[in-house]
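*Asks:* Got a predicted structure here, sequence first:
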Amino acid sequence: MANKLYDAISVAEITLSRDESQNNEFLLNVNVASYRKKVSILKEYKGTGELKKILKRPEYVFHSGTGTLRRWLPSDGKDTDPTKSYIQCGKPGKKLHTNFLEFESIEKFEKSRAGILFQVFNSI
């Protein structure tokens with residue numbers, strides 16, 4: 001996302017939790033959500049009651065140094081730039097799909113698996 005802020009992005013939160021019913025068993029949990037630019041949400045939901053509900057959600061700004069979304073806080077300034085801030089909101093009628101593991105070839109599978117393991121060990 002270097003130098004380009006996309007209108008909608010998919011964000012994955014990966015957590016590792018222990019299965020208390022099993023010895024040395026862990027569960028890998030992956031939650032994926034859509035975040036959209038505030039300006040797009042304002043245009044799409046203009047004049048609807050749904051807009052007020054969506055605007056009550058936390059806003060995020062893209063942090064280019066880490067390549068992550070960082071929650072915007074009131075101490076960051078009075079208002080966010082709607083062309084650069086994101087709110088969790090899916091596109092109506094579209095289901096979010098993100099490839100987690102690639103099975104097209106052994107090489108792609110190993111690469112996607114290594115990426116997952118790297119993310120998990122970084123979050124522990």
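*Replies:* That came through fine.

*Asks:* helix, strand or coil for the residue of the chain most remote from its centre?
*Replies:* Relative to the average C-alpha location in the chain, and by Cα atoms, centre = their mean, no residue lies farther out than residue 23, which sits at 31.6 Å. On the three-state scheme (DSSP: H, G, I helix; E, B strand; the rest coil), residue 23 is labelled coil.

*Asks:* Likewise for residue 50?
*Replies:* The local conformation at residue 50, judged by three-state DSSP, is helix.

*Asks:* Distance of it relative to residue 44?
*Replies:* 9 Å (Cβ to Cβ, to the nearest Å). The C-beta positions use only the backbone N, C-alpha and C, and glycine is treated the same way.

*Asks:* List the buried residues in the helix or strand hosting residue 41.
*Replies:* For residue 41, the enclosing helix or strand under DSSP states H and E is helix 38-44. Going by neighbour count (16 or more other Cβ atoms under 10 Å), the buried part of helix 38-44 is 38, 40-41.

*Asks:* could you say what helices and strands it packs with?
*Replies:* Identification of packing neighbours for helix 38-44 by 3 or more Cβ pairs under 8 Å, 6 or more residues apart in numbering; DSSP states H and E yields helix 49-55, strand 85-88.

*Asks:* so what pLDDT did the residue lying closest to residue 30 once chain neighbours are set aside get?
*Replies:* Taking Cβ to Cβ, 6 or more residues apart in numbering, and ignoring the residues beside it in sequence, residue 30 has residue 14 as its nearest neighbour in space, at 5.4 Å. Reading off the per-residue confidence, residue 14 sits at a pLDDT of 79.

*Asks:* Which element, helix or strand, includes residue 14?
*Replies:* Using DSSP H and E, residue 14 maps to strand 8-18.

*Asks:* just residue 61 next, same as before
*Replies:* Residue 61 belongs to strand 59-63 when assigned by DSSP H and E.

*Asks:* buried set for that strand?
*Replies:* By neighbour count, and taking 16+ other Cβ under 10 Å as the criterion, the buried residues in strand 59-63 are 59-62.
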